[in-house]
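S.K.: turn this into a structure:
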Amino acid sequence: MAHSADSTSGTNLQAQSKRAPAPHMFREIVANEKATDLAAMEDQACTGIFLAGKTKKYWVDERTRHNCFMLLPRGLAVTWSEDPRYWTWHALKEGSDGEAEKIEAVMLQNVCWLEVHGKLELSHLTPGVTYEVVFEVMLKDPAYGWSVPVNLQLKLPDGTVQQRKENLLEKPREKWLQLKVGEVKPQMGQNGEVGISMFEYDGGEWKRGLLIKGIKIIPKK
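M.R.: Residues are numbered from 1 along each chain as shown. Okay, the predicted model is just below:
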């Protein structure tokens, strides 16, 4: 029996030694979640962990071990999103077929004032990695009111602002689109809030047909 126990102990130590180092800031990222088994959460990180009441999805690239995030619509500040005259909420599946989970996406019904804001802690991104920030959206017919380009803005903790415009008028319908907001390359020790926005309220047109799945912050390919 003693030999068996020693053997089991040795196997456990060997398994621990083979475990890859924890992802950058892993404990801090999952600190507010109820699960107590950090090792199990680490194993789950490659397929994705929903955080903060499914307002955010966190996963780790299996090859590079870089952190990745998706800010889900329930965690975004969407002007008038609780009024069904302007926005409605719809269940969608997020993730690969075998691991897909339901999330809530938000669908634009009719607004002239489009304003969506999200935020993420900069220190949770892997240092030295260039990240691309994109809105993942779909235009669903009857989509209208998009003759004026939307503004996409990325604001870094040091006050730096990246801003660009995206013309949705000629974009394909019924297909997921990646609207690039900007790029960020965090350095070790940097922290603070990264602000991510999409807005258009100067054109005065009533808009319809924009389905928002979330904001992805992923390493640039």
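S.K.: quick check: next helix or strand after the host helix or strand of Arg27?
M.R.: Per DSSP states H and E, Arg27 falls inside helix 26-29. Counting by DSSP H and E, the next helix or strand C-terminal to helix 26-29 is helix 38-44.
S.K.: list the buried ones in that following helix?
M.R.: Met41, Glu42, Gln44 (16 or more other Cβ atoms under 10 Å). The C-beta positions use only the backbone N, C-alpha and C, and glycine is treated the same way.
S.K.: please report phi then psi for Thr47.
M.R.: When read as degrees, to the nearest 10, the backbone of Thr47 gives phi -90, psi -20.
S.K.: cool, and Leu210?
M.R.: Main-chain torsions, Leu210, degrees, to the nearest 10: phi -100, psi 120.
S.K.: residues near the nearest residue to it once chain neighbours are set aside, how many?
M.R.: Nearest residue to Leu210, sequence neighbours excluded (Cβ to Cβ, 6 or more residues apart in numbering): Leu108, at 4.1 Å. Counted with other Cβ atoms under 10 Å, the neighbours of Leu108 add up to 24.
S.K.: quickly list what Leu108 is bridged to.
M.R.: Beta-bridge partners for Leu108, by DSSP bridges, are Trp87.
S.K.: who's in contact with it?
M.R.: If you count contacts by Cβ atoms under 8 Å, 6 or more residues apart in numbering, Leu108 has them with Tyr86, Trp87, Leu114, Lys207, Arg208, Gly209, Leu210, Leu211, Ile212.
S.K.: what's near enough to touch the closest residue to the third one other than its chain neighbours?
M.R.: For Leu114, the nearest residue in space outside its immediate sequence neighbours is Glu200; the separation is 4.7 Å by Cβ to Cβ, 6+ apart. For Glu200, the contact set (Cβ under 8 Å, 6+ apart) comprises Leu114, Val148, Pro149, Val150, Asn151, Lys207.
S.K.: give me the buried subset of those.
M.R.: Leu114, Val148, Val150, Asn151, Lys207.
S.K.: and the helix or strand encompassing the fourth one, what does it pack against?
M.R.: In this case it means Asn151. Assigned by DSSP H and E, Asn151 falls within strand 150-155. Here strand 150-155 touches strand 161-166, strand 176-184, strand 193-200, going by 3 or more Cβ pairs under 8 Å, 6 or more residues apart in numbering; DSSP states H and E.
S.K.: from Leu139, how far out is the spatially closest residue to Tyr86 that is not a sequence neighbour?
M.R.: The shortest distance from Tyr86 to any non-neighbouring residue, by Cβ to Cβ, 6+ apart, is to Trp80 (4.2 Å). Distance of Trp80 to Leu139, given as Cβ to Cβ, to the nearest Å: 19 Å.
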